[in-house]
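**Student:** Sequence unavailable; structure follows:
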């Protein structure tokens, strides 16, 4: 079964002459990689205490990453430094909580993302992804443009989020 959530950001095509991909195009990119396990399956490793990740492809328009998640592993609340993105779960299940930019407190509802799910989003997307299941998970992510920096946040008691730090992305 495949669950595709609607993109969380704009889905219009990029401006004429731009090489950036839309969330819809990034969805197709991760779907294409997922359908070709010979491109990624042998590279999947499971590590502790940090999640394993490796970049599978980089072009002028986008990059593709493989991430693995042991039970309980997850991200901090983060954005993608202005990049649009998409990811698909190719093994196991993940849970996503989104944090819309709002002047009001946000209490995010979790999205359960089983194998086959695709989640696409625009450049202002802020979320946290976690493996809450008892089984390991594997996901494929694509970003456009390639990630240069990510900002990390913490959720306050009133539900709002505040910036903690911004870091460059290791290649």
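**Tutor:** In hand now; what should we look at? What you see is a predicted model, and the numbers here were worked out from it, not measured in a lab.

**Student:** Give me the residue ranges of this structure where confidence is low.
**Tutor:** 1-18, 171 (pLDDT under 70).

**Student:** For it, which segments are assigned as helices?
**Tutor:** Per DSSP state H, the chain carries helices over the ranges 23-34.

**Student:** quick one: the strands in it?
**Tutor:** 53-58, 63-69, 77-78, 84-91, 93-98, 111-114, 118-121, 127-130, 137-144, 149-155, 161-168 (DSSP state E).

**Student:** Select, out of these, the one closest to residue 37.
**Tutor:** When these are ranked by proximity to residue 37, the top entry is strand 84-91, at 7.7 Å, counting by Cβ to Cβ. Every C-beta, even on glycine, is put in place using the N, C-alpha and C of the backbone.

**Student:** can you list the residues that contact that closest one?
**Tutor:** 7, 9, 20-23, 26-27, 29-31, 33-34, 37, 40, 67, 113-123, 125, 129, 136-144 (Cβ atoms under 8 Å, 6 or more residues apart in numbering).

**Student:** Okay, now the sheet partners of that strand, with direction.
**Tutor:** Here strand 84-91 is paired, per DSSP bridges, with strand 118-121 (antiparallel), strand 137-144 (antiparallel).

**Student:** Next, the contact list for the residue nearest to residue 127 when sequence neighbours are not counted, please.
**Tutor:** In space, and not counting its chain neighbours, residue 127 is closest to residue 98: 4.7 Å by Cβ to Cβ, 6 or more residues apart in numbering. Contact analysis of residue 98 by Cβ under 8 Å, 6+ apart lists 8, 108, 111, 125, 126, 127.

**Student:** how close does residue 98 get to residue 146?
**Tutor:** Noted for residue 98: a distance of 22 Å to residue 146, by Cβ to Cβ, to the nearest Å.

**Student:** and what of residue 41?
**Tutor:** From residue 41 to residue 146 the distance is 23 Å (Cβ to Cβ).

**Student:** Residue 117: neighbour count?
**Tutor:** Residue neighbour count, defined by other Cβ atoms under 10 Å, stands at 21 for residue 117.

**Student:** Now the phi/psi pair for it, please.
**Tutor:** Backbone torsions of residue 117, given as degrees, to the nearest 10, read phi -70, psi 150.

**Student:** Begin at 16, not 1, for the rest of this chat.
**Tutor:** Sure, I'll start numbering at 16, so the last one becomes residue 132.

**Student:** For it, give its distance to residue 111.
**Tutor:** Where residue 111 is concerned, residue 132 sits at a distance of 9 Å (Cβ to Cβ).
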